[in-house]
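[1] Test case, fold it:
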Amino acid sequence: GLLALGAITSAGRVLLDEGPGHAAKTLGDALPAPLDHVLVQADLTVVAPGRLEPELADEMALVADVESAGSATVYRISERTVRRALDSGRTADELQELFKVRSRTPVPQSLTYLIDDAARRHGRLRGGAAGSFLRCDDQVLISEVLAHPEAARLELRRIASTVLVSPLPLADVLDGLRSAGFAPAAEGPDGQVLDLRPGGRRTTPRQRSARKPSSPAVHADERLGELVRLVRAGDRAAATPRGERISVPGHLGAGPSATLSLLQQAARARRRVLVGFVDSHGTAAQRVIEPHLVGGGVLEGYDHSYGEVLRFPLHRITSAAPVDEA
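    Okay, the predicted model is just below:
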């Protein structure tokens, strides 16, 4: 209300000149006075001919739904809206008094019947939250439990002559009663005694799917060429004449020191060595190597069988033998 049609209003000028308190009073004087009454119709509609007082507006919003809004607001009353008001704590007498006092028109008999009928059926079936229950055919024992000081801490309450309920978990209730000298037992939905002790956790077993026969993979030309080179390298290494063979532990021979010494001598003399090793896949193979560097746990040299400089971890070498140059 401070601006209208691109210009400042009288309330806006008061706000700038005198502050928000005077501006609020100017706006309040310009608005019509709130109404303290409504008009109840025979078709269960309620007409508010203007702006309602805040208290009355809240009551109407609780007991009725807005059907149309404008200069006059129309509310619709139904069984659902009356039940909503009853759920909030209103009684049938309070609702009847509301319309009797606030309506400027006579309250129709259909609205009175609607409120009384909804109130008569409201709350006959009740629900609540409970974490556990206690039952016993002996009403004396139930009364004894309820009279014990521990019952207050366990928040036990009676809902039937032989049934108590508590919002606490069952394990807590049973532990509290046992500490008080009682001997309760847990039961399942079928009435059988349950063991509430925590057990070990088990993972869900994996379901084995039926293994489908796999077709052989189709190798690219580069992969096929690599396989041919490996086969030929192995053939050349097997046909290479060699001297006395030296093996590492786990094989017959002189041991790792002799193998390392042989490789170091071959590196200094630029002599070829037939090396047996196990690759990363666990496959044994042989190569004719001209060592360049032996140290740091690695043998580096030119592979005459493969035509490249390769590196071999020393712990994977199983044997070494000098190549017979003659």
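
[2] buried residues in the helix or strand hosting A119?
    Using DSSP states H and E, A119 sits in helix 109-121. Neighbour counts over helix 109-121 (16 or more other C-beta atoms under 10 Å) mark 111, 114-115, 118-119 as buried. C-beta coordinates here come from the backbone N, C-alpha and C atoms, glycine included.

[3] could you say what helices and strands it packs with?
    Helix 109-121 sits against helix 79-87, helix 92-102, with contacts defined as 3 or more C-beta pairs under 8 Å, 6 or more residues apart in numbering; DSSP states H and E.

[4] Can you pull out the low-pLDDT segments for the stretch 51-200 of the chain?
    Residues of the stretch 51-200 of the chain meeting the criterion pLDDT under 70: 198-200.

[5] so where do the helices sit in it?
    54-63, 79-87, 92-102, 109-121, 139-147, 150-153, 170-179 (DSSP state H, counting those that start in this stretch).

[6] out of those helices, nearest to H37?
    H37 lies closest to helix 92-102 among the helices of the stretch 51-200 of the chain, at 5.5 Å (C-beta to C-beta).

[7] Just to check, G188 is in contact with L170?
    No: contact criterion C-beta atoms under 8 Å: G188 and L170 do not qualify, at 10.8 Å.

[8] who has more neighbours, these two?
    Set side by side, G188 and L170 show more neighbours around L170, with 17 against 8, by other C-beta atoms under 10 Å.

[9] which residues sit in contact with that one?
    Taking C-beta atoms under 8 Å, 6 or more residues apart in numbering, we find L170 in contact with 131-132, 186, 196.

[10] Select, out of the helices and strands packed on helix 109-121, the one closest to F182.
    Per C-beta to C-beta, nearest to F182 of the helices and strands packed on helix 109-121: helix 79-87, 38.2 Å.

[11] with the buried residues of helix 109-121 in mind, which one is nearest to G89?
    A119 (12.4 Å).

[12] In contact with the closest one, which residues?
    Per C-beta under 8 Å, 6+ apart, neighbours of A119: 82, 86, 91-92, 95.

[13] Much appreciated, bye for now.
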